[in-house]
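Trainee: Need coordinates for the below:
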Amino acid sequence: MSVESEQPSSPAGPPLGIKVVCWSRILLMFAEFVLALVLFANFEGLYGVLLLVAIVGEIVIAYGLWTLTLWGWILAVIWYSVGGFQSASSLLSGSLSGLIGIILSFVTVGLVLTNYRSFR
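Mentor: Predicted coordinates for the structure are as follows:
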């Protein structure tokens, strides 16, 4: 009689929806970093510092999502929901780009919410 040892299967990584969210946010962080450099070059340092703080927040959230931690999921839902409300207020003030922001925020929150089981 042979003794078969069961190897715990290692997770294959985050689900596709989480990978899409993380990689799209990484691309956005790169664009935000370039914008922060432009702001610093134009002597608008306060806006650049605020943007760098937001980038650090995005990095923390992306790490939490990629490693499938519950705190990453919670922060992502809060962060991207607030972004949706911010886009809605931009839309109400007459900026049509707010509509694109609302759509992207809802898609992002939807992808994060539908993958909740991976974070348990």
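
Trainee: ok now the helix ranked longest in the chain, how far from the chain's centre?
Mentor: Looking across the chain with DSSP state H, the single longest helix is helix 16-41. Helix 16-41 has its C-alpha centroid displaced from the chain centroid by 9 Å (C-alpha atoms, centre = their mean, to the nearest Å).

Trainee: Then stretch 62-72?
Mentor: 10 Å.

Trainee: Going by neighbour count, list what's buried in it.
Mentor: Judged by neighbour count (16 or more other C-beta atoms under 10 Å), stretch 62-72 contains these buried residues: 62, 64-66, 68, 72. C-beta: built from backbone N, CA, C; applies to glycine.

Trainee: on that earlier part again, name the next helix or strand downstream of the longest helix of the chain, please.
Mentor: Counting by DSSP states H and E, the next helix or strand C-terminal to helix 16-41 is helix 45-66.

Trainee: Not counting that following helix itself, show me its contacts.
Mentor: 14, 18, 21-22, 25-26, 28-29, 32-33, 35-37, 39-40, 71-73, 75-76, 79, 112 (C-beta atoms under 8 Å, 6 or more residues apart in numbering).

Trainee: got the angle for it vs helix 16-41?
Mentor: 160 degrees (axes from the mean of the first three to the mean of the last three C-alpha atoms, to 10 degrees).

Trainee: show me what contacts I102?
Mentor: 84, 87-88, 91.

Trainee: what's the span of stretch 66-74, first residue to last?
Mentor: 13 Å (C-alpha to C-alpha, to the nearest Å).

Trainee: what's the offset of it from the middle of its chain?
Mentor: Worked out by C-alpha atoms, centre = their mean, stretch 66-74 lies 11 Å from the chain centre.
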